[in-house]
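Participant: output the structure for:
(chains A, B and C)
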Amino acid sequence: MRSGHQKGVMHVRDLPLPAPVLDHYESLGIEELYPPQAEAVEAGVVDGDRVVAAIPTASGKTLVAELAMLTADGPGLYICPLRALAREKYESFSALPGVSVGISTGDYDSPADELADHDIVVATSEKVDSAIRNGADWVSDLACVVVDEVHLLGAEGRGPTLEVTLANLQRRAPGVQIVALSATVDNPEDIADWLDADLVESTWRPVDLRTGVYADGSVEFNDGTDLSVGVGEGEDGEIPDGEDDETEATVALVDDAVNGVGGQCLAFVRSRREAEALAQRLAHERLGSEEADAVADDLTAVDDTTTGQRLADCVRDGVAFHHAGLRSTHRAVVETAFRNRKLAVICATPTLAAGVNVPARRVVVRDQQRYTGSQMEYLPVLEVHQMCGRAGRPHLDPYGEAVLVGDESSKAELDERYVDADPEAVESKLRDRNALRTHVLSIVATGFADSRETVLDVLGATFYAHRTPVAELSGIVDTVITELVGMEMLTDSGSGTLAATDLGAQVSKQYVAPETGARIVAGLRRAVEMRDESVTGLTVLQLVADTPDMQDTYLGNRERAAMYQFARAHDAEFTVGMNDAEEFERWLETVKTARILHEWTEGESMETIVENYRIGPGDLESRVERTEWLLGAADALATLLDLDVPEVGRVRSRL
DNA sequence: ACAATATGGGTGTAGACAGCATGTC
DNA sequence: CTACACCCATATTGT
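Facilitator: Reported below is the predicted structural model:
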């Protein structure tokens, strides 16, 4: 786009920044702006202008964000999609001299009354949405909003939240400077148009990246270079018959990267189990060190789970695995150790592709397809590109290498689909009924609208509306309004005036889905009827487990019979019994979730639960976290409707 | 006779945001 | 409509 008119090199010291900040950058060795950064400055990032920058990760996005917020005439907000990313940015912004930084995420929060006093606030998009719903006034004082990973606008579920939040933010703080940072996508101009911003588009990276497909012992990179890899030239010198080709190719590629050029390597596979299996296979290559031993000790200090133990064992040999079944502390230890070069390899599921910064010399994408219930599907191009984009460590590598593992028959397809292909376009997912139900409720509850017309008017400021006439939403909006009225969350005066009921307002503030709110209310009412002894901890846990805001827990065939027995034995305790369950299988899963949580509140150890129910420590952790949240919402709704179910508070305190 | 290996059926499969009020090192 | 790695039980083959 603008790369044609670079006017030589731009220097940091020429930017309108406070002297201490300039000194700070200088001490970090940041003197000249990278080309995409210079383009962002030319586009007006430091002049309060709106800019959308579609540039690769690690091409200096953080500095662009800092420049925007530091030069803005008032407080800045930095929005990102993950709590771990929020922490990372909070720490790097905090290093800026004379800048006070706050953070607001679900798990970690600066005190709310201080939030207004910070120069920069870092938050997740849901937290910002929540702040708007709860009428936080610091929102309207913002002079600058930086949105990281704005391409997530296209994500199902969370994308609609982001676009509605950005639409509402502009309503609350008219004329704010918006700087949106996107991965390279097919239609960044649509995002820029929507936000009324200038577009900066670049593929420039501080470290070059070459990408290629491995087939039959060699890789052909897209820069014309080749790499041949001796498969099976490991310690034992030969490939045992029947060994999986792709895994052995991956091992050879990893070995070559680590031993050949002294680099670190990331390997992406499709499932948790395969991530662990590959890590164990690679551990035989003995890539460990004394530093790795220390990391392993940190890991075992966290808990006594077998997962932690297996992880530590691999780590002693310099290899880690990484997936969502790991506890967040385990994940963080692995990420930090890798960044500090104490680990040679991480074998990961796609979690790592979109997470915190973990650059490697080489990235090997062993699996490009994923299980989706009954069939295999190719991963989105954007996701594979994000994995590949982790290749190339600034100041360490002359270039990064990304290798997709294929074979003779798949090579052409992989080249065409990923190496030579552009990523998908970002498309709004706001049309989704569940998303709309949540947001229509919050739009009315916040007072942004009081009729179907004004609801549509508010939605007119979304990304969806920029590409599709909002009128096309009116049918779904009508349906959703009817549903919300039926749930007693909205009232329709008849003359077209909509208002949120106390219940609707509370549901919106608690940030649960309307359906979750409705189910909780129905469950609480039932519990009050049940009165006495049959209401137990299990009752309220199953109640919150059986809402769309709790994730499913897989119920294996082997444990189904035992779970059925358990459910039958405790049937009288459930607000929805087994005979009233709409979908029995799903209901039985909620019983499993509740049973696990119940054991947890009864003081059972994580190790035992994780073994008995075949779930990862991270899965337990995240369910406990959600339960705290949902029980909090249940408590608030019980108070509002005067439904006295003491077990809610009792279980809550035991968590 | 008994162990190593082959065959077959069954199973399970990525990820992760949000409220709120105390208590604690 | 489409996979596939792993686990386990049982069948088959080898010495």
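Participant: and A:Glu189, how far from A:Ala581?
Facilitator: 49 Å (CB to CB, to the nearest Å). Where C-beta positions appear, they are placed from N, C-alpha and C, glycine not excepted.
Participant: compare these two (neighbour count), which wins?
Facilitator: A:Ala581 (17 against 13; other CB atoms under 10 Å).
Participant: was I right about the more buried one contacting A:Trp587?
Facilitator: Yes: assessed by CB atoms under 8 Å, A:Ala581 is found in contact with A:Trp587 at 3.5 Å.
Participant: lowest-scoring secondary structure element of chain A by mean pLDDT?
Facilitator: Ranked by mean pLDDT, DSSP states H and E, the weakest helix or strand in chain A is helix A:112-115, scoring a mean of 78.
Participant: which helices and strands sit right next to that one?
Facilitator: Under the contact criterion of 3 or more CB pairs under 8 Å, 6 or more residues apart in numbering; DSSP states H and E, helix A:112-115 touches strand A:101-104.
Participant: the residue in the stretch 551-655 of chain A that DNA strand C sits nearest to: neighbour count?
Facilitator: For the stretch 551-655 of chain A, the residue closest to DNA strand C is A:Arg558, as judged by CB to the nearest atom of the strand, at 9.5 Å. For A:Arg558, the neighbour count with other CB under 10 Å is 8.
Participant: and the helices in the stretch 551-655 of chain A, which stretches?
Facilitator: In the stretch 551-655 of chain A, the helices defined using DSSP state H, counting those that start in this stretch lie at A:557-569, A:584-601, A:606-612, A:617-641, A:646-654.
Participant: list the buried residues for the first one?
Facilitator: Okay, so that is helix A:557-569. A:563, A:566-567 (16 or more other CB atoms under 10 Å).
Participant: residues contacting the spatially most central residue of chain A?
Facilitator: Closest to where the C-alpha atoms of chain A average out (CA atoms, centre = their mean) is A:Leu82, at 4.5 Å. Counting by CB atoms under 8 Å, 6 or more residues apart in numbering, A:Leu82 makes contact with A:124, A:354-356.
Participant: so A:Gly400: helix, strand or coil?
Facilitator: strand (DSSP: H, G, I helix; E, B strand; the rest coil).
Participant: and which of the contacts of A:Leu82 is nearest A:Thr608?
Facilitator: A:Gly355 (29.4 Å; CB to CB).
Participant: my guess is that closest one contacts A:Val334, does it?
Facilitator: No: using CB under 8 Å, A:Gly355 is not in contact with A:Val334, being 10.8 Å away.
Participant: okay, the two: which has more neighbours?
Facilitator: A:Val334 (26 against 19).
Participant: list the contacts of the more buried one.
Facilitator: A:Val334 sits in contact with A:295, A:299, A:311, A:315, A:320, A:322, A:326, A:343, A:346, where contact means CB under 8 Å, 6+ apart.
Participant: that one: which element?
Facilitator: Secondary structure from DSSP states H and E places A:Val334 in helix A:328-339.
Participant: and if you look at A:Asn434?
Facilitator: helix A:433-445.
Participant: packing partners of the helix or strand just after that helix?
Facilitator: Downstream of helix A:433-445, the next assigned helix or strand under DSSP H and E is helix A:452-459. Using 3+ CB pairs under 8 Å, 6+ apart, the elements in contact with helix A:452-459 are helix A:158-172, helix A:433-445, helix A:474-486.
Participant: can you mark which positions in the helix or strand that helix A:452-459 is followed by are buried?
Facilitator: Downstream of helix A:452-459, the next assigned helix or strand under DSSP H and E is helix A:463-467. Neighbour counts over helix A:463-467 (16+ other CB under 10 Å) mark A:463-466 as buried.
Participant: cool, and stretch A:346-364?
Facilitator: A:346-356, A:358-364.
Participant: domain-wise, how is chain A divided?
Facilitator: Residue ranges for the domains of chain A, per automatic domain parsing: A:3-201, A:208-419, A:433-506, A:514-654.
Participant: model confidence over stretch A:590-600, on average?
Facilitator: When pLDDT is averaged over stretch A:590-600, the result is 96.
Participant: run through who's touching that stretch.
Facilitator: A:537-538, A:541-542, A:545-546, A:550, A:552-553, A:555, A:559, A:563, A:566-567, A:570, A:574, A:606, A:608-609, A:613, A:615, A:620, A:623-624, A:627, A:655.
Participant: so where's the stretch 1-150 of chain A shaky on pLDDT?
Facilitator: A:1-7 (pLDDT under 70).
Participant: around DNA strand B, pick out the residues from the stretch 451-600 of chain A.
Facilitator: A:509-511, A:549, A:551, A:554, A:556-558 (CB under 7 Å from any atom of the strand).
Participant: can you check the stretch 201-350 of chain A too?
Facilitator: So far as CB under 7 Å from any atom of the strand goes, the stretch 201-350 of chain A lies against DNA strand B at A:270-273, A:323-325, A:349-350.
Participant: so which of these belong to helices?
Facilitator: A:272-273 (DSSP state H).
Participant: what about chain A, any weak spots by pLDDT?
Facilitator: Within chain A, the set of residues satisfying pLDDT under 70 comprises A:1-7, A:231-244.
Participant: please redo it, this time with the cut-off set to 80
Facilitator: For chain A, the stretches flagged by pLDDT under 80 are A:1-8, A:112-113, A:230-245, A:373-375, A:531-533.
Participant: contacting residues for the one residue in the stretch 351-500 of chain A that gets nearest to DNA strand C?
Facilitator: Nearest residue of the stretch 351-500 of chain A to DNA strand C: A:Met376, at 4.0 Å (CB to the nearest atom of the strand). Going by CB under 8 Å, 6+ apart, A:Met376 touches A:369-370.
Participant: that one falls within a helix, correct?
Facilitator: No: under three-state DSSP, A:Met376 falls outside any helix and is assigned strand.
Participant: rewinding a little: in TSV, list the helices and strands packed on helix A:452-459 along with mean neighbour count.
Facilitator: Output for the helices and strands packed on helix A:452-459, formatted as TSV (neighbours: other CB atoms under 10 Å):
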stretch	mean neighbour count
helix A:158-172	22
helix A:433-445	24
helix A:474-486	17
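Participant: closest one to A:Leu63 among the ones you listed?
Facilitator: Nearest to A:Leu63, of the helices and strands packed on helix A:452-459 and by CB to CB, is helix A:158-172 at 22.4 Å.
Participant: may I have the very next helix or strand once past the closest one exported as PDB, CA atoms only?
Facilitator: Remark: after helix A:158-172, the chain's next helix or strand is strand A:177-182, criterion DSSP H and E. Only the C-alpha atoms of strand A:177-182 are listed here, as PDB (Å, rounded to 0.1, in the frame of the first residue of the first chain):
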ATOM      1  CA  GLN A 177      -8.500   7.600  18.200                       C
ATOM      2  CA  ILE A 178      -8.700   4.000  17.200                       C
ATOM      3  CA  VAL A 179      -5.600   2.000  16.200                       C
ATOM      4  CA  ALA A 180      -6.300  -1.500  15.200                       C
ATOM      5  CA  LEU A 181      -3.600  -4.100  14.700                       C
ATOM      6  CA  SER A 182      -4.400  -7.100  12.600                       C
END
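Participant: now the helix or strand that strand A:177-182 is followed by: buried residues?
Facilitator: Remark: after strand A:177-182, the chain's next helix or strand is helix A:188-195, criterion DSSP H and E. Buried residues in helix A:188-195, counted by 16+ other CB under 10 Å: A:188, A:190-192, A:194-195.
Participant: could you dump the helices and strands packed on helix A:452-459 to JSON lines with distance to A:Ala86?
Facilitator: Below are these laid out as JSON lines (distance: least, CB to CB, whole Å):
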{"stretch": "helix A:158-172", "distance to A:Ala86": "14"}
{"stretch": "helix A:433-445", "distance to A:Ala86": "22"}
{"stretch": "helix A:474-486", "distance to A:Ala86": "31"}
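Participant: the ones you listed: which one's closest to A:Ala43?
Facilitator: helix A:158-172 (18.9 Å).
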